[in-house]
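here is the input, now give the coordinates:
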Amino acid sequence: FLRLNRNINHTAIGLMGRGLGCVPALFAAAFKPESVRALGLERPGPVWHEEWLQLSQSPLAREWNEWMKGRSAQKKELREKMRQIDPVYLSQEISCPVLMSTGLEDAEHPALPGFGLFNLLRTEKAMQIFTDEAQDPDHKKEHQQQVEFLIETLRTKD
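Numbering: from 1, shown residues only. Purely as a prediction, here's the structure:
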């Protein structure tokens with residue numbers, strides 16, 4: 001869509017994703033590095049699936065874990081298929097600057113899988129860590145910092 005819009009410079013796109021929305025943002029950055037020039041990831045969702053499924057208390061993780069019960073013959077095949085879409089395996093392909101945020105007390109988007117992804121990135125990167133959800137209860141500060149990062153990064157790329 002962005003590449004078809006003539007009013008948008010499709011060689012300087014900044015993407016932001018939150019939770020599950022981080023996954024398509026990571027895929028776009030990995031497969032379109034000539035277009036995606038900055039990446040903001042707020043509390044990445046299902047990354048490093050095996051850990052995320054064990055730690056997350058999100059409805060998606062609960063549903064997936066429940067669905068996996070009783071399917072022992074298919075578990076190995078399903079896990080292999082999930083690995084194919086796990087953004088951790090794309091981390092080496094990300095070349096744009098990344099700002100990631102995570103909350104240490106966030107039960108839906110646990111910090112550990114996010115840290116795993118962050119450590120695998122081999123590009124300019126920074127992380128903002130919220131140690132206490134009371135620091136930013138409505139996530140406005142977190143979101144504003146992501147927007148400012150994207151604006152500043154894209155401004156300096158011109």
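
which strands and helices sit next to the longest helix along the chain?
With secondary structure taken from DSSP state H, the chain has its longest helix at helix 140-157. Packed against helix 140-157 by the contact rule (3 or more Cβ pairs under 8 Å, 6 or more residues apart in numbering; DSSP states H and E) you find strand 13-19, strand 36-44, strand 98-103, strand 125-130. Quick note: C-beta positions are derived from backbone N, CA and C, even for glycine.

Lys140 - how many residues pack around it?
The burial metric for Lys140, expressed as a neighbour count using other Cβ atoms under 10 Å, is 9.

could you measure from it over to Gln146?
When Cβ to Cβ, to the nearest Å is the yardstick, Lys140 and Gln146 sit 11 Å from each other.

rewinding a little: mind giving me TSV with the helices and strands packed on helix 140-157 and columns for distance to Ser91, mean neighbour count and mean pLDDT?
Conversion of the helices and strands packed on helix 140-157 to TSV gives the following (distance: least, Cβ to Cβ, whole Å; neighbours: other Cβ atoms under 10 Å; pLDDT from 0 to 100):
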stretch	distance to Ser91	mean neighbour count	mean pLDDT
strand 13-19	15	20	95
strand 36-44	11	26	96
strand 98-103	10	24	96
strand 125-130	10	16	95
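
for this structure, which residues score under the pLDDT cut-off?
Filtered on pLDDT under 70, the chain yields the residue ranges 70-73, 157-158.

one more pass at 90, please.
Within the chain, the set of residues satisfying pLDDT under 90 comprises 1-11, 45, 49-50, 64-85, 132-139, 156-158.

circling back: can you list the helices and strands packed on helix 140-157 in TSV and add distance to Glu77?
Rendered in TSV, the data for the helices and strands packed on helix 140-157 read as follows (distance: least, Cβ to Cβ, whole Å):
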stretch	distance to Glu77
strand 13-19	26
strand 36-44	25
strand 98-103	31
strand 125-130	34
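
any idea which of those strands gets closest to Gln84?
strand 36-44 (17.6 Å; Cβ to Cβ).

against which helices or strands is the helix or strand just after the closest one packed?
Going down the chain from strand 36-44, the next helix or strand is helix 49-55, by DSSP states H and E. Counting by 3+ Cβ pairs under 8 Å, 6+ apart, the packing neighbours recorded for helix 49-55 are helix 59-68, helix 72-84, helix 111-120.

including mean neighbour count and distance to Leu90, could the ones you listed go into TSV?
As requested, these are exported to TSV (neighbours: other Cβ atoms under 10 Å; distance: least, Cβ to Cβ, whole Å):
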stretch	mean neighbour count	distance to Leu90
helix 59-68	13	20
helix 72-84	10	11
helix 111-120	19	9
